[in-house]
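Participant: Sequence plus predicted model, see below.
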Amino acid sequence: MAVVKGLEGVVAAESKISSIIDDQLTYAGYSIDDLASNSSFEEVIYLLWHGELPTEEQLAQLRGELAAQAKLPEPVIDHLKSCDLKAVHPMAALRTAVSLLGLYDEDAEVNTAEANGKKAIRLQAQIATLVAAFSRIRSGQEPVAPREEYSYAANFLYMFNEREPEDIEIEAMNKALVLHADHELNASTFTARVCVGTLSDMYSGLTAAIGALKGPLHGGANEAVMEMLFEIGDIDNVDAFLEKKFANKEKIMGMGHRVYKNGDPRAKFLKEMSRELTEISGQTKWYEMSVKVEDIVKREKNLPANVDFYSATVYYSLGIDHDLYTPIFTVSRFSGWIAHILEQYADNRLIRPRAEYVGETHRTYTPLEERV
Ligand SMILES: CC(=O)SCCNC(=O)CCNC(=O)[C@H](O)C(C)(C)COP(=O)(O)OP(=O)(O)OC[C@H]1O[C@@H](n2cnc3c(N)ncnc32)[C@H](O)[C@@H]1OP(=O)(O)O
Ligand SMILES: O=C([O-])CC(=O)C(=O)O
């Protein structure tokens, strides 16, 4: 058996949800360029779950259902209030809270297509409320109830700040949600599929996926990018910072990708948003530092920026705490994970690869008292 470390290049599933071919990303056959420029996040949710863009009527129905399901069960809010949220990582709190949501859903263990369809809407609606509620409760404020008349992106921002978001903020959040929604068989999506491939439930699949996205080699990189920029502090420090990183063979967060070798097609949109938003907020230094980091890493290591690199300064410009960047990624990626979970259920086979054993063999049991 040949071991493929990290399963690089291994094709482990057939999927109609998204594809990466020649560094081009598509959702159900629509290019990410097209969708990022034209589509609402709700249209993308529909596309990922149904394989088609919605009609006006279908979109209105989805929006209505999402708005109607966005409230959290009181015990979940009480749970958040009972924790010292300043002492925990938001992704850890989210992982637990999503699992907890399952205890208040009578459909949690019902694995029919109908029940899974209902859970899909409920969970996609509640995840945004949950992230915003975490942020509010952590800063000593009451969670803000979702508003049915807002779009998904506008409502998400509103629940953070309890003020009507500006058009530019809504546009940026919508675009970020569209860009992060799905990405073929990335580590967290694979995790979700492995989990539900045992015929476990949707809550378990999503909880497992959150755990995988949390890591800094995956979704956690956007938070790490902002920490890196804080540490660099000033554009004049970029060269010395990177030289030291290269000398110590440390990774530069937000750079490099397992699949894209010539550039992540999502990054250019986030870069442009970062430029625009940092200009508006009068904090262009973060954008300028990012560009310098990107240029040097490209020149020295031939590694392009990935989706996490410029999303950091986009969210920073929206006034969001940097440890909430990966939770925001989670809100978007819920749509993709759910699509993959539904696709896995529809044509399931247990996912169970093999390992090549490289440990000791032919050993004889030594009684406890004889061991040294
Ligand atoms: C949404 C997302 O998940 S996007 C990815 C987010 N993750 C990050 O931004 C973290 C930083 N990047 C990385 O760690 C990697 O590029 C990954 C995890 C994204 C891809 O990893 P892999 O395909 O397994 O590549 P791997 O880690 O084996 O790297 C290959 C080589 O490139 C180097 N390399 C890869 N990424 C980086 C980086 N960001 N900085 C410096 N060197 C890097 C490695 O050190 C390694 O060098 P070596 O061959 O001399 O040992
Ligand atoms: O595909 C990957 O390995 C990681 C990634 O970019 C994503 O999940 O969006």
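Facilitator: Everything's here; your move. Ligands and ions are numbered 1, 2, ... in the order given.
Participant: so Phe241 sits right up against Glu231, yeah?
Facilitator: Yes. Using Cβ atoms under 8 Å, Phe241 is in contact with Glu231, at 7.2 Å. C-betas here are computed from N, CA, C, even on glycine.
Participant: Comparing these two, which residue is more hemmed in?
Facilitator: Phe241 (20 against 9; other Cβ atoms under 10 Å).
Participant: The more buried one: what's its closest spatial neighbour, skipping adjacent residues?
Facilitator: Distances taken as Cβ to Cβ, 6 or more residues apart in numbering place Ile232 nearest to Phe241, at 4.9 Å, with adjacent residues excluded.
Participant: try His183
Facilitator: Ser18 (6.3 Å).
Participant: Can you get me a residue count around the one you found?
Facilitator: 24.
Participant: And for the one 5 residues further on?
Facilitator: Counted by other Cβ under 10 Å, the residues lying close to Asp23 total 14.
Participant: OK, contacts around it?
Facilitator: By Cβ atoms under 8 Å, 6 or more residues apart in numbering, the contact set of Asp23 is 260-263, 265.
Participant: Show me which of those has the smallest pLDDT value.
Facilitator: Lowest pLDDT among these: Lys261, with 88.
Participant: isn't there a strand covering it?
Facilitator: No. Assigned with DSSP: H, G, I helix; E, B strand; the rest coil, Lys261 falls outside any strand and is coil.
Participant: quick one, what contacts it?
Facilitator: Going by Cβ under 8 Å, 6+ apart, Lys261 touches 23, 304.
Participant: check which helix or strand covers Lys298.
Facilitator: helix 284-301 (DSSP states H and E).
Participant: ok, and the closest non-adjacent residue to Lys118?
Facilitator: Lys118's closest residue in space is Asp107 (Cβ to Cβ, 6+ apart), at 5.7 Å.
Participant: for that neighbour, helix, strand, or coil?
Facilitator: From three-state DSSP, the assignment for Asp107 is coil.
Participant: Now that it has come up, it's in contact with Gly117, right?
Facilitator: No. Here Asp107 does not reach Gly117: they are 9.7 Å apart, not a contact under Cβ under 8 Å.
Participant: any idea of the mean pLDDT for the helix holding Lys298?
Facilitator: Averaging pLDDT along helix 284-301 yields 98.
Participant: neighbouring contacts of that helix?
Facilitator: In contact with helix 284-301 (Cβ under 8 Å, 6+ apart) are residues 225, 228-229, 232, 234-235, 238-239, 242, 246, 252, 255-256, 271, 274-275, 278-279, 303-305, 309-310, 312-313, 316-317.
Participant: quick one, strands of this structure?
Facilitator: 18-21, 24-27, 30-31 (DSSP state E).
Participant: and of those, who's closest to Ala212?
Facilitator: Counting by Cβ to Cβ, Ala212 lies closest to strand 18-21 out of the strands of the chain; the figure is 17.1 Å.
Participant: Now that closest one: buried residues?
Facilitator: 18, 20 (16 or more other Cβ atoms under 10 Å).
Participant: how far does it sit from the chain's center?
Facilitator: Put simply, strand 18-21 sits 17 Å off its chain's centre (Cα atoms, centre = their mean, to the nearest Å).
Participant: Starting from that strand, tell me which strands it pairs with and how they run.
Facilitator: When pairing is defined by DSSP bridges, strand 18-21 lines up against strand 24-27 (antiparallel).
Participant: Could you report the neighbour count for the closest residue to ligand 1 within the stretch 1-150 of the chain?
Facilitator: Residue of the stretch 1-150 of the chain nearest ligand 1, by Cβ to the nearest ligand atom: Gly6 (5.2 Å). If you count neighbours by other Cβ under 10 Å, Gly6 ends up with 9.
Participant: thinking Thr191 is in contact with Ile210, fair?
Facilitator: No. Contact status for Thr191 versus Ile210: not in contact, 9.1 Å apart, counting by Cβ under 8 Å.
Participant: When these two are compared, which one has more neighbours?
Facilitator: Just comparing Thr191 and Ile210: by other Cβ under 10 Å the higher neighbour count belongs to Ile210, 28 against 21.
Participant: Domain map for this protein?
Facilitator: Domains of the chain are assigned by automatic domain parsing as 17-165+183-210+324-346, 221-317.
Participant: before we move on, back to that, how far away from the center of its chain is the helix holding Lys298?
Facilitator: 23 Å.
Participant: Let me know whether that helix sits next to ligand 1.
Facilitator: Yes. In terms of Cβ under 6 Å from any ligand atom, part of helix 284-301 sits within range of ligand 1, namely Lys301.
Participant: so how many other residues sit close to the residue of the stretch 251-372 of the chain found nearest ligand 2?
Facilitator: Distances between the stretch 251-372 of the chain and ligand 2 by Cβ to the nearest ligand atom are smallest at Arg258, namely 4.7 Å. Applying other Cβ under 10 Å, we find 14 other residues in the vicinity of Arg258.
Participant: One more: Cys83?
Facilitator: What Cys83 shows, counting by other Cβ under 10 Å, is a neighbour count of 16.
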